[in-house]
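> the sequence isn't on hand, but the structure is:
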């Protein structure tokens with residue numbers, strides 16, 4: 001279970017292409033991860049310049065090669081226009097995957113993230129043979145909770161001091177989808 005393939009898998013939806021992050025995406029990834037609206041509820045290493053985004057891409061590529069996680073660029077189908085990122089941040093156990101996602105705020109409310117999560121769930125359950133897919137949502141992030149609910153995820157409860165980031169501890173709402 002959760003055996004990541006050796007070759008990075010591309011996933012297509014009706015409007016999106018989920019592809020490997022590449023150096024050409026660094027500029028848009030930098031914009032995404034420095035947009036205060038986007039990162040308000042998203043713990044991300046502080047990026048100071050575009051080169052920092054290139055290091056993030058390298059880090060995520062290495063995590064895939066080490067079979068620890070997988071992160072796609074979300075692009076508009078047929079254009080390679082980067083609009084966000086999605087993936088499995090980690091696999092705490094062989095049957096579980098934790099998803100993470102972010103999309104440029106100008107693309108909010110258009111159904112793109114719902115579509116991307118649907119594709120990720122299909123991949124997780126079918127290709128990785130996961131039984132459970134989790135999402136850890138910081139309290140107050142109602143937009144993220146709405147998109148998870150649209151995709152069939154259920155809120156399981158608040159995990160107190162669950163997430164440590166930069167020396168601080170955060171509560172998270174645990175959302176999960178279990179394979180039928």
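Here it is on my side, so go on. Everything numeric in this text was worked out from a predicted model, so none of it was measured.
> going forward, measure contacts between C-alpha atoms and count neighbours the same way
Fine.
> what does stretch 86-103 rub up against?
Under the contact criterion Cα atoms under 8 Å, 6 or more residues apart in numbering, stretch 86-103 has outside partners 1-2, 32, 38, 68-74, 83-85, 113, 116-117, 120, 124, 129-136.
> buried set for the worst-scoring helix or strand of the chain on mean pLDDT?
Ranked by mean pLDDT, DSSP states H and E, the helix or strand of the chain with the weakest confidence is helix 36-39, at a mean of 83. Across helix 36-39, burial judged by 16 or more other Cα atoms under 10 Å covers residue 38.
> what about the helices in the protein?
Counting by DSSP state H, the chain has helices at residues 26-32, 36-39, 50-65, 112-122, 142-150.
> and the contacts of stretch 86-103, which of them are buried?
2, 32, 38, 68-74, 83-85, 113, 116-117, 120, 124, 129-136.
> please flag which of those sit within strands.
Judged by DSSP state E, strands contain the following of the buried ones among the contacts of stretch 86-103: 70-74, 83-85, 132-136.
> mind giving me TSV with the residues you listed and columns for pLDDT and distance to residue 104?
TSV is the format used below for those (pLDDT from 0 to 100; distance: Cα to Cα, whole Å):
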residue	pLDDT	distance to residue 104
70	97	20
71	97	16
72	98	14
73	98	12
74	98	10
83	97	6
84	97	6
85	97	9
132	98	27
133	98	23
134	98	22
135	97	19
136	96	19
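> now distance to residue 171 too, for these, in JSON lines please.
Listed next are those as JSON lines, based on distance: Cα to Cα, whole Å:
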{"residue": "70", "distance to residue 171": "24"}
{"residue": "71", "distance to residue 171": "24"}
{"residue": "72", "distance to residue 171": "26"}
{"residue": "73", "distance to residue 171": "28"}
{"residue": "74", "distance to residue 171": "28"}
{"residue": "83", "distance to residue 171": "28"}
{"residue": "84", "distance to residue 171": "25"}
{"residue": "85", "distance to residue 171": "23"}
{"residue": "132", "distance to residue 171": "21"}
{"residue": "133", "distance to residue 171": "19"}
{"residue": "134", "distance to residue 171": "15"}
{"residue": "135", "distance to residue 171": "13"}
{"residue": "136", "distance to residue 171": "9"}
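> and which of those is nearest to residue 54?
Closest approach to residue 54 among those (Cα to Cα): residue 73, at 13.2 Å.
> contacts only, for that closest one.
With contacts taken as Cα under 8 Å, 6+ apart, residue 73 has the following neighbours: 18-21, 25, 82-86.
> can you list the low-confidence ranges for this structure?
Counting by pLDDT under 70, the chain shows low-confidence ranges at 1-2.
> what's the spacing between the spatially closest residue to residue 15 that is not a sequence neighbour and residue 39?
Sequence neighbours aside, residue 77 is the residue nearest to residue 15 in space, at 5.3 Å (criterion: Cα to Cα, 6 or more residues apart in numbering). Using Cα to Cα, to the nearest Å, residue 77 is found at 25 Å from residue 39.
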